[in-house]
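*Asks:* The sequence isn't on hand, but the structure is:
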């Protein structure tokens, strides 16, 4: 197993673990997900916040699909790696409301948020190296 695959694996473990660890106060990751997902059904007052809050739950779908692709292929295509990095940037949104409310942001949030960057960044180079090898190998075939 290469170092990059090990780092991706650690990022996946961090993502999965974040669902069970506290995010704020006594709220663990899956409860925080349900609260944020509820933003799709909230009243229209303060709708921009609730919409962004709900859309950040969809970044989890990107991660879950990327994990499936990694398990199936042993590497991620660069579009998935970049998708995870963009999702991590989008999830940065949560820092503002949580810090404004004076919430104590706990380990579950940081593991969840950083897992997008860890898996995405570690996958970038490994995919380009794999693609380069595949191209060289295919160039040699008659």
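*Replies:* Received the coordinates, thanks. Only a predicted model underlies this, so the values are computations on that prediction, with no experimental measurement involved. Numbering: from 1, shown residues only.

*Asks:* is it true that residue 37 lies in a helix?
*Replies:* Yes - the assignment for residue 37 by DSSP: H, G, I helix; E, B strand; the rest coil puts it in a helix.

*Asks:* so what's the residue lying closest to it once chain neighbours are set aside scoring on pLDDT?
*Replies:* Leaving aside its sequence neighbours, residue 37 sits nearest to residue 57 (Cβ to Cβ, 6 or more residues apart in numbering; 4.5 Å). For glycine as for every other residue, the C-beta is placed from the backbone atoms N, C-alpha and C. For residue 57, the model assigns a pLDDT of 89.

*Asks:* Can you get me a residue count around residue 57?
*Replies:* Residues lying near residue 57 (other Cβ atoms under 10 Å) number 18.

*Asks:* Just the buried positions in the strand or helix carrying it, please.
*Replies:* Residue 57 belongs to helix 47-73 when assigned by DSSP states H and E. Burial within helix 47-73, assessed by neighbour count using 16 or more other Cβ atoms under 10 Å, is assigned to 50, 53, 54, 56, 57, 59, 60, 62, 63, 66, 67, 70.

*Asks:* For the residue nearest in space to the middle of the chain, give me its contacts.
*Replies:* Nearest residue to the geometric centre of the chain (Cα atoms, centre = their mean): residue 116, 3.2 Å. By Cβ atoms under 8 Å, 6 or more residues apart in numbering, the contact list for residue 116 reads 15, 59, 63, 84, 85, 87, 88, 91.

*Asks:* gap between the first one and residue 98?
*Replies:* Distance from residue 15 to residue 98, counting by Cβ to Cβ, to the nearest Å: 19 Å.
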